[in-house]
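In: Curious how this folds, go ahead:
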Amino acid sequence: MMMRFRSLLLLLAIAAGLSGCGTVNEKLSAGMGDYVPQWAGGLPADAPPRPGTPQYDAYMKERERKRLLPAADREKEEQAQKGATGSTSAGAVR
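Out: Got it, this is the predicted structure:
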């Protein structure tokens, strides 16, 4: 009987310890993902900002503005942006 009690107590202690690790790791991984380089599996350079930040609000306003543009104006704007960034990003690729 004493052996079962010890085994149960040990099992509960291990379960409590592992569940605590999961909570800590969840909180760490949410913040650390922003600092991992793209080549190591981090966020890509064109990933949108995280919700709840001021950058996210500005990003969503810009998306809504583009969505409300007529298709012809939207295509002209995209071509102008590609022309402006295309020459700089092509030199950065190795």
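In: Show me how the protein divides into domains.
Out: Split into domains by automatic domain parsing, the chain comes to 1-30, 51-82.
In: SS state for the nearest residue to residue 38 once chain neighbours are set aside?
Out: Distances taken as Cβ to Cβ, 6 or more residues apart in numbering place residue 44 nearest to residue 38, at 5.7 Å, with adjacent residues excluded. Yep, even glycine has a C-beta here, placed from its N, CA and C like the rest. Secondary structure assignment for residue 44 (DSSP: H, G, I helix; E, B strand; the rest coil): coil.
In: For residue 13, see how far away residue 44 is.
Out: Going from residue 44 to residue 13 by Cβ to Cβ, to the nearest Å gives 41 Å.
In: who's more crowded, those two?
Out: With neighbours defined as other Cβ atoms under 10 Å, residue 44 and residue 13 compare such that residue 13 has more, 10 against 6.
In: now the nearest residue to residue 48 once chain neighbours are set aside: how far from residue 51?
Out: In space, and not counting its chain neighbours, residue 48 is closest to residue 59: 5.5 Å by Cβ to Cβ, 6+ apart. Going from residue 59 to residue 51 by Cβ to Cβ gives 10 Å.
In: how about the helices in this protein?
Out: For the chain, the helices defined by DSSP state H occupy 2-32, 54-68, 71-92.
In: rewinding a little: surely the residue nearest to residue 38 and residue 36 touch.
Out: No: between residue 44 and residue 36 there is no contact under Cβ atoms under 8 Å: 11.4 Å.
In: Run a quick neighbour tally on residue 73.
Out: 11.
In: cool, and residue 5?
Out: Neighbours of residue 5 (other Cβ under 10 Å): 9.
In: Now stretch 43-61: average pLDDT?
Out: Computed over stretch 43-61, the mean pLDDT rounds to 87.
In: ok, now stretch 74-93?
Out: When pLDDT is averaged along stretch 74-93, the result is 69.
In: again with stretch 5-18
Out: The average pLDDT within stretch 5-18 is 76.
In: which of residue 59 and residue 51 has more neighbours?
Out: The residue with more neighbours, out of residue 59 and residue 51, is residue 59; 14 against 9, by other Cβ under 10 Å.
In: these two touch, right, the more buried one and residue 50?
Out: No: Residue 59 lies out of contact with residue 50 (Cβ under 8 Å); the separation is 10.0 Å.
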